[in-house]
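Asks: this one's sequence-less:
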Ligand SMILES: Cc1noc(C)c1-c1cc(NS(=O)(=O)c2ccccc2)cc(C(=O)O)c1
């Protein structure tokens, strides 16, 4: 019987592994750090909730994710921000954003035990 603390610890290990695997893919280099607001001056005017892989790694360490669904919604945010800010002509960035999202969901799909996500949600409900 996994205690709540060990369930959350296992969740953090799982999420760090998913994020590390994505961060090692050179195609996702532009998503590793926050968009540089000095370089992309109007970014904050367009994108309300910036997100990137390094910020997500910090959030794992800050125990901000209590289930995999909340982790995936931040991955989805990286993707939706890139699609929203970058017009059609920036095809390669838009494509890589979609690839990041699909790869994250595929890794979770193949590696996450559904009972484990249920256990995480039971921990949340018990709070
Ligand atoms: C992600 C993202 N979402 O909107 C945009 C636009 C990007 C994005 C962000 C970055 N990284 S950065 O903000 O630190 C940077 C911008 C300009 C010069 C040097 C660095 C690079 C690129 C790129 O295509 O190279 C694109």
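Replies: Perfect, I can see it now. All of these numbers come straight from a predicted model, not from anything done at the bench.

Asks: which residues of the chain lie near the ligand?
Replies: 30-31, 33, 35-36, 39-40, 82, 85-86, 93 (CB under 6 Å from any ligand atom). Glycine gets a C-beta too; all of them are placed from N, C-alpha and C.

Asks: what residue lies at the spatial centre of this structure?
Replies: Centroid check for the chain by CA atoms, centre = their mean gives residue 75 as the closest residue, at 3.1 Å.

Asks: work out for me the element it sits within.
Replies: helix 68-85 (DSSP states H and E).

Asks: buried residues in the next helix or strand after that helix, which are they?
Replies: Next in sequence after helix 68-85, counting helices and strands by DSSP H and E, comes helix 91-111. Under the neighbour-count criterion of 16 or more other CB atoms under 10 Å, helix 91-111 has 94, 96-97, 100-101, 103-104, 107-108 buried.

Asks: mind listing what residue 33 touches?
Replies: Counting by CB atoms under 8 Å, 6 or more residues apart in numbering, residue 33 touches 52-54.

Asks: those residues in helices, which ones?
Replies: Applying DSSP state H to the contacts of residue 33, the entries found in helices are 53-54.

Asks: and the buried residues of helix 91-111, which is closest to residue 2?
Replies: Using CB to CB, residue 108 comes nearest to residue 2 of these, at 18.7 Å.

Asks: output the below-cut-off pLDDT ranges for the chain.
Replies: 1 (pLDDT under 70).

Asks: please repeat the previous calculation with a cut-off of 90.
Replies: The chain contains residues with pLDDT under 90 at 1-2, 87-89.

Asks: make a PyMOL selection of the buried ones in the contacts of residue 33.
Replies: Command for PyMOL that selects the buried part of these, burial taken from 16+ other CB under 10 Å:
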select buried, resi 52+53
